[in-house]
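S.K.: 3D, please:
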Amino acid sequence: MKDMNFSKKYLAASISVLLGTAVVPQISAQEADNADAAGGDVEVIAVRGIRGSLMRAQDLKRDGQGVVDAISAEEMGKFPDTNLAESLQRITGVTVSRSNGEGSEITVRGFGPDFNLITLNGRQMPGTGNTRSFKLENLSSSGVSALELYKTGRADIPSGGLGATVNIVTARPLASPGLKYSLSAKGIYDESNVEGDDVTPELSALYSDTYADNTIGLAISLSMQDRDFQQQSANIPGWQADQGPFGNATSAIDLRPDAANEEEDIMGGTTTADGKAGHTYFPRQISYNINNVQRSRFNGQATLQYAPRDDMTFTLDYVYSEAETATSGLGYGIWFNFGGNVTSYELDERGTAIRFTETANDFAHSANRETLLVESDSIGFNFEWQITDDIHFELDYHDSKTETDNGADDGTGHSGNIILGPNNIVTKTYDFSEGGIPQFVMTWPDNAAEASPADFDPLFAQFSRGVGESTVEQLQLDAEWVNPDDSFLMSVRAGIAITDQTFGGRNAFSGNQGPGGYNGNQAIFPDSMFVRRDSGDFLDEFSNGGANLTTDYYYAFDYAEAVGRLQSFFGFNPDPFESFVTEGLADLTEETQSAYVAADMYFEIGDMPVDVNVGVRYEQTDVISIVDQDVEDFVVWTNPTEWQLRFRPSETGSVQFTGEHDLYLPNLDIKVEVTDDIIARLSTSKTITRAPLGNLVGARSLSPAPKPGSRNGAAGNTNLQPFESTNLDLIVEYYYEEASYIALGYFRKDVKNFISNNQTLLTFEGLRDPLNGPRAAQATAELVAAGIPVTDGAIWQQLIDSGQGIDDACCQTQIIRQNPDDPLIEWLVSRPENGDDKTVDGFEFAIQHMFGETGFGAGFNFTIVDGDVEFDVDSFERQAPLNGLSDSANIQLFYEKDGLSAKITYAWRDDYLIGVGQQQGSAESPPQFGKEYAQTDISINYDITENLTVFFEGLNITNETEEGYGRYEEQFLFARQYGSRYNLGARYTF
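M.R.: Residues are numbered from 1 along each chain as shown. Predicted coordinates for the structure are as follows:
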């Protein structure tokens, strides 16, 4: 793991100036005005804690134009949840995507992370990786005072949030004069941890003060967190459709319905005599994986303000965050080849393999190592000037950057994976007949009970590295005129902005290093290198996990030792940037110029006050993509199961692509106070989300390991147009008591320019297929004549035995290289295109209630969402579904009185589409679904004194697990288990 030089970081954060620290204002601006008007003798009591947080959020919701929700800090340094994403999911219509067992990104009203814009104090932030999505788990909640979520479009808000715009708010010191500080320390106990520290620290410090008669303000926030945990998972990376027929199968159970006619009689993609209708589906492989993770996070924020006059304020701010995730893992499992290897199978009514048996191949064991470093910083300047009582001017500039590197480990400099194992399986069986975790069982030569360390042979090692940088440089000028007269037109706002966003990266891949296949190199690894381990409590939250696994053992080995021994024997360089097989460079620039005008109006209908906000925003965007990438040369068949695409040495191609779009984004918000307690809203607007950054890059890539069934490719499209949504919201809100309300709303989004991946079978000159050429045909005939089952592995061996192999200096073994008379390979290449129009609509309901002065309170909300954006699991046609669409609900119960507060929260999300395409799925791009998930968290705070609080937090206290599946629930994709997490700490606030 990369060393963390904390002293350097703390020094840098302390002398820099950061965008707003988390200081909860002690009094509102209106309260301050009232106090001044009374000569300063009126005592203003600040409501803190859970109730105060809910009251401030409710005020913002009630007073706002359009549909606005908020989460407010409970007090200085205390946000309602330990994670910003977890806090946002308390808002109606918001669900979270999890990473490493904690909230990472949000989905709003069914629109996933790429459809939602994250701003920091109104500034657009760069995404993480090759996406526009911002990873919320990388930003500490201790430095945040509020989260504002805008579900409807506003002309004065940067575009990009088709689903919603989330504004992270940090208070500025001059808004809350005087000395204030908060210190917090907690210990984190993660019950999943095995190899790391049982208890890890999280520390935070916040400081705010004003000087020189409150004309200068300084605020600083620092926080760090270490967390050690283990992720346990079972994985099937993809399902292959229409495999077969299996001529060597001696036992078959097929529960598919009988074919009504010959056209429905399909198996293996061709008409057969089995008399069954529908497709068949088989898993490509299954593995069990254990990843031990060490994660560290550091955040530094600061703000420096100067107000030389009452009507003028200068603000300079800076933010820095660093998140490092080091993963060390082991995995074990089996690969399936289908064809003549299958000896028996059982299919359910929809053609999914529930159980089947194959012969031969390996019990693969893998070890992986990766350190992902994400660094972000942002420097900004803001100038506010109240030119007259009626005219306000604001200038804002920021330059923000996020860098990623998945090879940040100082010891390796790569993200690596090595595979080895015994290649002498007699039979292997996949079994999902009992559900839960798929099982697999193997038989061995001489009726041995288990695999032997003496038979472990290296297959290959792979090393990669990807570094990327995403930046946003933005200048915004805004002006507002407030009508001094009591008339229909209340105010007018206008502004212009220039936003430059860049995305660039470099990646390298080593290809298969080492033998490139099982070739009798068992002597490289001594038996003593392997340690037999029982499965123990592996996935023991599942009924057939843990000690109930059929294959309840594996062999552990050290990654560094295995790579070192392999490197010494074969002489390769594991640094991808120095010994790459493929390397690519890509740069994308997106420049947007925008202008807006908006007006607020007020009038009455009868006794009902009506507020109207109307505006329009114009934007023009130019996109340039420059790509340098290696040029493909030829294909080799390195061993019975592995293939490689090889590239021309020292030759790259460079090309430039361009795109552009311009559009108008109008909005209209109407708020009617039907009574003093009832508000009705109508909002209509047009919002956009620009195409994912990765799709705009004009690069083309082909599978580096083009096995049959996995010969895929992808290409970008720089001229993709944005998703455009025409929105309608109708909401009624009833505020019947302080901090208590009921709200019911309907929303509809008509979205055009939906992006889908069009797939085309293409051939590329010079890339040929030795499996389907004349040599392979001759080998097949020889196998049939000898009575040997025809499999890919048998064909490869026959070609080697007949002298068709050539020596490969890379792997010190023989390989099959393509010949000029072999046919060209057909690659299934996907390219994103704008296409279908879609509609999403739904209902939202929320209730929040305080039970008088008892100290008890509760909140409940749910969202029902629907639309013509779902994935048709029975269709093989091209589809453009909406990822993340699902119903959701949240419950919050709390008690707060006499210095004691306790809260329990429950968040539920229904099944949802994760995405289209599976890593090892077949060519028709099968889906990935996430199963229904619910999580329960608790927190307890006790005030020992007015300034000192001790607290306890429990996350995922019922140890819920994550599961995914393919077209049908019987097509298992993954199960993940993280365990529960508990925090114990203290906070001192002054």
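
S.K.: host element of residue 568?
M.R.: Using DSSP states H and E, residue 568 sits in helix 559-570.

S.K.: what residues sit buried inside that helix?
M.R.: For helix 559-570, burial by neighbour count (16 or more other Cβ atoms under 10 Å) applies to 559, 562, 563, 565, 566, 569, 570. Placement of C-beta: from N, CA and C, glycine included.

S.K.: what ranges of the chain fall below the confidence cut-off?
M.R.: Across the chain, the ranges flagged by pLDDT under 70 are 1-48, 74-82, 261-274, 581-584, 650-653, 809-812.

S.K.: please repeat the previous calculation with a cut-off of 50.
M.R.: For the chain, residues meeting the criterion pLDDT under 50 lie at 1-46, 262-273.

S.K.: got the contact list for the longest helix anywhere in it?
M.R.: Determined from DSSP state H, the single longest helix within the chain is helix 49-63. Here helix 49-63 makes contact (Cβ atoms under 8 Å, 6 or more residues apart in numbering) with 46-47, 68-75, 80, 146, 148, 679, 733, 735, 738-739, 741, 848, 850, 857, 859, 894, 896, 901, 903, 941.

S.K.: where do the strands of the stretch 801-950 of the chain begin and end?
M.R.: For the stretch 801-950 of the chain, the strands defined by DSSP state E, counting those that start in this stretch occupy 806-808, 813-817, 827-834, 838-850, 856-867, 888-897, 900-909, 912-916, 927-930, 933-943, 948-955.

S.K.: coming back round to it: of the contacts of helix 49-63, buried ones?
M.R.: In the contacts of helix 49-63, burial by neighbour count holds for 68-75, 80, 146, 148, 679, 733, 735, 739, 741, 848, 850, 857, 859, 894, 896, 901, 903, 941, counting by 16+ other Cβ under 10 Å.

S.K.: need phi/psi at residue 910.
M.R.: As for residue 910, its main-chain torsions (degrees, to the nearest 10) stand at phi -80, psi 170.

S.K.: for the stretch 301-450 of the chain, what spans make up the strands?
M.R.: For the stretch 301-450 of the chain, applying DSSP E, counting those that start in this stretch gives strands covering 312-335, 342-347, 353-359, 363-386, 391-405, 415-422, 427-431, 439-443.

S.K.: winner for burial among the ones you listed?
M.R.: Looking across the strands of the stretch 301-450 of the chain with neighbours counted as mean count of other Cβ atoms under 10 Å, the highest average goes to strand 415-422: a mean of 24.

S.K.: and it, what does it pack onto?
M.R.: Judged by 3 or more Cβ pairs under 8 Å, 6 or more residues apart in numbering; DSSP states H and E, the packing partners of strand 415-422 are strand 363-386, strand 456-482, helix 559-570.

S.K.: the last one vs strand 312-335, what angle?
M.R.: Right, helix 559-570. Inter-element angle recorded for helix 559-570 and strand 312-335: 60 degrees (by axes from the mean of the first three to the mean of the last three Cα atoms, to 10 degrees).

S.K.: against which helices or strands is helix 559-570 packed?
M.R.: Helix 559-570 sits against strand 363-386, strand 415-422, strand 456-482, with contacts defined as 3+ Cβ pairs under 8 Å, 6+ apart.

S.K.: turn the ones you listed into TSV, including distance to residue 589.
M.R.: Output for the helices and strands packed on helix 559-570, formatted as TSV (distance: least, Cβ to Cβ, whole Å):
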stretch	distance to residue 589
strand 363-386	19
strand 415-422	27
strand 456-482	10
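
S.K.: circling back: give the buried residues for the longest helix of the chain.
M.R.: Neighbour counts over helix 49-63 (16+ other Cβ under 10 Å) mark 49, 50, 51, 52, 53, 54, 55, 56, 57, 58, 60, 61 as buried.

S.K.: residue 634 versus the third one, what's the distance?
M.R.: When Cβ to Cβ, to the nearest Å is the yardstick, residue 51 and residue 634 sit 70 Å from each other.

S.K.: likewise for the first one?
M.R.: Residue 49 sits 68 Å away from residue 634, taking Cβ to Cβ as the criterion.

S.K.: which element is residue 730 on?
M.R.: strand 723-737.

S.K.: who does that strand pair up with?
M.R.: strand 678-689 (antiparallel), strand 740-752 (antiparallel) (DSSP bridges).

S.K.: any idea how far the next helix-or-strand element following the longest one is from the middle of the chain?
M.R.: Later in the chain than strand 740-752, the nearest helix or strand by DSSP H and E is strand 755-762. If you compare the mean C-alpha spot of strand 755-762 with that of the full chain, they lie 24 Å apart, counting by Cα atoms, centre = their mean, to the nearest Å.

S.K.: buried residues in strand 755-762?
M.R.: Across strand 755-762, burial judged by 16+ other Cβ under 10 Å covers 755, 756, 757, 759.

S.K.: tell me who's in contact with residue 552.
M.R.: Contacts of residue 552 (Cβ under 8 Å, 6+ apart): 534, 535.
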